[in-house]
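Novice: predicted structure and sequence below. I'll ask about it afterward.
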Amino acid sequence: MGIKKVKPNTPGRRRATFDDFKDLTERHPEKRLLLAKKRRGGRNSQGKITVRHRGGGAKRQIRLIDFKRDKFNVEAKVATIEYDPNRGARLALLHYRDGEKRYIVAPADLKVGDLILSSQEAIEIKTGNALPLKFIPAGMPMNCVELEPGQGAKIARGAGNVVHVMGVEGKYAQLKMPSGEIRLVKKECLGTVGRVSNPDHRHISLGKAGRSRHLGIRPTVRGSAMNPVDHPHGGGEGNQSIGLIHPKTKWGKPALGVRTRRKQRSNRLIIKRRGKKRK
């Protein structure tokens, strides 16, 4: 993927950057692997808003993606590299030898015509192949890694993300996460060799509010611009400080830099926490 700029004819286009889509090989998705996506505007089954700033946006369809890679020892050929409106990464359409078609999250450097394989045994270490972590050499970049064997990929699925295998010892493999955290994962978990495609996705600048609305993101209002009844930061004439020692959320809970992770069963699997350790 490349990032392109346009002529600064308007203030919005002056700062906007766009994806050039040159890495795509097919414009139309596989119809049998599509589902209709029902938009709920951030509301739950009771009609209450549980996720704010959601609503509107362009219509989308869900691509059925194989996160489990459980079609073992059947070689697949990469037929196309496609766009997915629901994520930043590209998708690869696989044609298996038995005629089945599946989508996977495309690793970087995966090309049309490549032959890839998924196996629970030791196979060739090449981009796109999926195999257990116990067969991966130290320092190898991985993506779409499982947290539990057979559960399906949970780690490093976003555009440009990568996990590095630090080593395998005992029942676990040590992984360095995209956040910098180092944690233990069972060595039987599957992972895909390579990093996720489209690493430049994070550098795209929307440039204007309208592009956010196309993505289904509604406007966000500062708490200090609200009334006291609506937010702890609200109230006052003109521009005012929040009047609190620490900032709070709309519901009065601590915000910005406060640890929210409590005692978790998985704490024992974390060797090094991300970021600086606070007392």
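Specialist: Now that the structure is in, tell me what you want to look at. None of these values were measured; they are calculated from a predicted model.

Novice: let me know the outermost residue of this protein.
Specialist: Glu237 (41.5 Å; CA atoms, centre = their mean).

Novice: pLDDT at that residue, what is it?
Specialist: pLDDT recorded at Glu237 is 90.

Novice: all helices of the stretch 1-150 of the chain, in order?
Specialist: All helices of the stretch 1-150 of the chain, identified by DSSP state H, counting those that start in this stretch, fall at 11-15.

Novice: next one: the stretch 151-279 of the chain
Specialist: 209-214.

Novice: so where is it shaky, pLDDT-wise?
Specialist: Where the stretch 151-279 of the chain drops to pLDDT under 70, the residues are 276-279.

Novice: show me what contacts the residue nearest to the spatial centre of the chain?
Specialist: Computing the C-alpha centroid of the chain and ranking residues by CA atoms, centre = their mean puts Gly158 first, at 2.7 Å. With contacts defined as CB atoms under 8 Å, 6 or more residues apart in numbering, Gly158 is in contact with 87-89, 178, 196. C-beta here means a position set from N, CA and C on the backbone, and glycine is covered the same way.

Novice: switch those residues over to a markdown table; also include neighbour count and distance to Leu269.
Specialist: Putting the contacts of Gly158 into a markdown table (neighbours: other CB atoms under 10 Å; distance: CB to CB, whole Å) gives the following:
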| residue | neighbour count | distance to Leu269 |
| --- | --- | --- |
| Arg87 | 17 | 27 |
| Gly88 | 20 | 28 |
| Ala89 | 26 | 26 |
| Pro178 | 17 | 17 |
| Val196 | 28 | 23 |
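
Novice: from those residues, which two are the most distant?
Specialist: Arg87 and Pro178 (14.9 Å; CB to CB).

Novice: how many residues are close by the residue lying closest to Ile271 once chain neighbours are set aside?
Specialist: Nearest non-adjacent residue to Ile271, counting by CB to CB, 6 or more residues apart in numbering: Ile182, 4.5 Å away. The tally of other residues near Ile182 (other CB atoms under 10 Å) stands at 16.

Novice: again with Ser205
Specialist: 12.

Novice: quick check, it in contact with Arg14.
Specialist: No. Using CB atoms under 8 Å as the test, Ser205 is too far from Arg14 to be in contact (10.2 Å).

Novice: want to throw the contacts of Gly158 into a markdown table with distance to Ala130?
Specialist: Listed next are the contacts of Gly158 as a markdown table, based on distance: CB to CB, whole Å:
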| residue | distance to Ala130 |
| --- | --- |
| Arg87 | 18 |
| Gly88 | 21 |
| Ala89 | 16 |
| Pro178 | 19 |
| Val196 | 14 |
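
Novice: what's the offset of stretch 167-183 from the middle of its chain?
Specialist: Its chain's C-alpha centre and that of stretch 167-183 lie 19 Å apart, by CA atoms, centre = their mean, to the nearest Å.

Novice: can I get that stretch as CSV, trimmed to CA atoms?
Specialist: C-alpha atoms of stretch 167-183 as CSV (Å, rounded to 0.1, in the frame of the first residue of the first chain):
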residue,chain,number,x,y,z
GLY,A,167,11.5,-18.6,22.7
VAL,A,168,9.8,-21.8,23.8
GLU,A,169,10.3,-23.3,27.2
GLY,A,170,8.2,-26.0,28.9
LYS,A,171,4.5,-25.8,28.1
TYR,A,172,4.6,-22.2,26.9
ALA,A,173,6.1,-19.9,24.2
GLN,A,174,7.2,-16.4,25.1
LEU,A,175,5.7,-13.8,22.8
LYS,A,176,6.5,-10.1,22.6
MET,A,177,3.2,-8.4,21.8
PRO,A,178,2.7,-5.3,19.6
SER,A,179,2.2,-3.2,22.9
GLY,A,180,5.7,-4.3,24.2
GLU,A,181,4.2,-6.7,26.7
ILE,A,182,5.9,-10.1,27.0
ARG,A,183,3.5,-13.0,27.9
